[in-house]
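J.: Return atomic coordinates for the entry below.
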Amino acid sequence: MASLKIPGIAARGALASGAPWRTEIAETLKLAAPMAATQLGQIAMMTTDLALLGRLGDHVVAGAALAHTVLFAAYTVGMGLVAAVAPLASQAVGARKPRLVRRSVRVGLWAALLAGVPLTALQLWGDEILLALGQPPETAALAGRYLAGLAWCLIPSWAFIALRNFMSAVNRPEPALWITLAAIPLNAVLAYALIYGALGAPRLDILGAGVATTFVNVAMCAAAVWFAYARHPFKKYRVLGRFWRPDWALFRELLVVGIPISGSFLLEFGLFAAASLLMGRIGPQALAAHAIALQTAAILFMVPFGISLAATVRVGHAAGRRDPAGTRRAGFAATGLAVVFMAAMTLVVVAFRHAIPQVFLGAEAETPTASATVVLAGTLLALGATFFLTDGIQTVVAGALRGLNDTRVPLLIAAFSYWGVGFAASYGLAFGFGLGAVGVWIGLSIGTTVFALLLGWRFHALTRAGYMPAVARAA
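T.: Okay, the predicted model is just below:
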């Protein structure tokens, strides 16, 4: 088993010859493109669901939004845990330890199961949770009905991420993209059928959207398992072999790396949830404009997030082969790609800052109330110029640091930047200085900029000192 050839590593080892920076950029792009497309596919499925539910009325959309808030808080916990599969497996690939690759995937799937059981059960109490948080009973009931179907997607979606990270670690991210592309039309047809009772399916309204999402996630997970088990080059790793064999040492290491990732994700999610609450205090137009600007940012974010996943793999490969120069080059090459992309997209967004809100609002954009929302959303998108760029930088540098197993210090940096700086600035500027919605977005930009700068300094300091993480032994 120790002699198993790991695909692509011989070629990747040639970075020291020729033009290493050009080679690094090319290899990062090769990984990042399908990863970013996969993330955009996930956004496409969510957007399809919201568009179909929107035909049932604003109250249904509000219920779905609350349900997504409850679900995403739990989803973020597991997503951080299975994200740790990427650095552990990538370092094992770089160190030529194929057995350790299998073990890394196995403990990631364990984490998905162990975290998924209680967190799935918690979703079934979603309406009670929302009532306790002061949400209207009718909206909380709709959210609870949605969660009754949606809750079961957590474990298969996390398992899919773990297997996707394994595929990326061995330089084959394409199957995850193929699965996602196939899932987009399947999700649309199934959601339409179950929401409206079409194609011989029962009419389940908002529950149908949740059931469709769960079914599609189960299908995606099953397809990923098939690729991992039956297709070259994945089947050589036998990732499901000895699945129930205890591996507590590596499981503890996954938790050490993964729990701070979950914490960082939750701090970021919490900041933007808090920003929405601040906007709600300012008024409905501010909240609507904020939602439009934030959804635009979320769509743009998927590309640097894909680059960050590639950065984790590339840095992990270099760390595994004990190549300090390679880790530094991989991190900065990925960051440069994110800067170029986000700078270009920021110019596009600023140029079309008034047209973008009209796309979201459709025919309603011509009403007096909506017109004011369009103007405010355009202002927020213009203010987001700094935010978009630094948000792209921070996610890529965070991904590079994960490739070094460095997640605990970034968690502390996230707490300081997002809450000590970002939330405090948003609240103070919005209410203390009377800037309203504009102040909230200035605060978000300040917090994200501080986070990006501190993470960049952290990565620079570690790689300049030649820091290398300890790669677990393959037992």
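
J.: List the contacts of the nearest residue to residue 328 once chain neighbours are set aside.
T.: Among residues not flanking residue 328 along the chain, residue 463 sits closest, at 3.7 Å (CB to CB, 6 or more residues apart in numbering). Bear in mind the C-beta positions are built from the backbone N, C-alpha and C, glycine included. Contacts for residue 463 (CB atoms under 8 Å, 6 or more residues apart in numbering) come out as 324, 327, 328, 331.

J.: In the stretch 351-475 of the chain, where is pLDDT below threshold?
T.: 360-370, 471-475 (pLDDT under 70).

J.: need the helices for it, in chain order.
T.: With DSSP state H, counting those that start in this stretch as the criterion, the stretch 351-475 of the chain has helices at 355-361, 368-402, 408-414, 424-427, 436-464.

J.: In the fourth one, which residues are buried?
T.: By that I understand helix 424-427. Using 16 or more other CB atoms under 10 Å as the test for burial, helix 424-427 gives 425, 426, 427.

J.: low-confidence ranges in the stretch 151-300 of the chain?
T.: Checking the stretch 151-300 of the chain against pLDDT under 70 turns up nothing.

J.: Could you list the buried residues of the helix or strand hosting residue 59?
T.: Here residue 59, judged by DSSP states H and E, is contained in helix 58-83. Across helix 58-83, burial judged by 16+ other CB under 10 Å covers 60-71, 73-83.

J.: if we can go back for a sec, export the helices of the stretch 351-475 of the chain as JSON lines, with columns for distance to residue 260.
T.: Putting those into JSON lines (distance: least, CB to CB, whole Å) gives the following:
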{"stretch": "helix 355-361", "distance to residue 260": "35"}
{"stretch": "helix 368-402", "distance to residue 260": "9"}
{"stretch": "helix 408-414", "distance to residue 260": "4"}
{"stretch": "helix 424-427", "distance to residue 260": "22"}
{"stretch": "helix 436-464", "distance to residue 260": "13"}
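
J.: could you list every residue that touches the residue nearest the centre of the chain?
T.: Here the mean C-alpha position of the chain is nearest to the C-alpha of residue 305 (CA atoms, centre = their mean), at a distance of 6.7 Å. When contacts are counted by CB under 8 Å, 6+ apart, residue 305 touches 36, 39, 395.

J.: can you do 6 Å?
T.: 39, 395 (CB atoms under 6 Å, 6 or more residues apart in numbering).

J.: where does the nearest residue to residue 127 once chain neighbours are set aside land on pLDDT?
T.: Once flanking residues are discounted, residue 127 sits nearest to residue 144: 2.8 Å by CB to CB, 6+ apart. Note for residue 144: predicted pLDDT of 91.

J.: contacts for the helix or strand residue 144 falls within?
T.: Using DSSP H and E, residue 144 maps to helix 137-150. Contacting residues not belonging to helix 137-150 are listed as 62-64, 66-67, 71, 123, 126-127, 130-131, 206-207, 210-211, 213 [CB under 6 Å, 6+ apart].

J.: So residue 341 versus residue 261, what's the distance?
T.: The gap separating residue 341 from residue 261 is 23 Å, by CB to CB, to the nearest Å.

J.: between those two, which one's more packed in?
T.: residue 261 (25 against 20; other CB atoms under 10 Å).

J.: my read: that one touches residue 78, true?
T.: No. Judged on CB atoms under 6 Å, residue 261 makes no contact with residue 78 at a distance of 10.7 Å.

J.: just the strands in the stretch 151-300 of the chain please.
T.: Applying DSSP state E, counting those that start in this stretch to the stretch 151-300 of the chain gives no strands.

J.: quick one, helices of it?
T.: 154-169, 174-196, 205-230, 248-282, 284-320.

J.: distance of residue 289 from residue 382?
T.: When CB to CB is the yardstick, residue 289 and residue 382 sit 12 Å from each other.

J.: Between those two, which is the more surrounded one?
T.: Higher neighbour count among residue 289 and residue 382: residue 289, with 27 against 17, using other CB under 10 Å.

J.: Isn't the more buried one up against residue 375?
T.: No. With contact defined as CB under 6 Å, residue 289 does not reach residue 375; the gap is 8.4 Å.

J.: I figured residue 317 hits residue 91, correct?
T.: No. With contact defined as CB under 6 Å, residue 317 does not count as touching residue 91 (7.6 Å).

J.: can you list contacts of stretch 426-433?
T.: With contact meaning CB under 6 Å, 6+ apart, stretch 426-433 is reached by 278, 435, 436, 439, 440, 442, 443.

J.: again, only using 7 Å
T.: Contact partners of stretch 426-433, identified using CB atoms under 7 Å, 6 or more residues apart in numbering, comprise 275, 278, 282, 435, 436, 439, 440, 442, 443, 444.

J.: How about exporting that stretch as CSV, limited to the C-alpha atoms?
T.: Extracted in CSV, the C-alpha atoms of stretch 426-433 (Å, rounded to 0.1, in the frame of the first residue of the first chain):
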residue,chain,number,x,y,z
SER,A,426,-21.2,49.0,12.2
TYR,A,427,-23.3,49.7,15.3
GLY,A,428,-21.4,52.9,16.2
LEU,A,429,-21.5,54.3,12.7
ALA,A,430,-25.2,53.3,12.1
PHE,A,431,-26.6,54.6,15.4
GLY,A,432,-23.9,56.6,17.2
PHE,A,433,-23.1,58.7,14.1
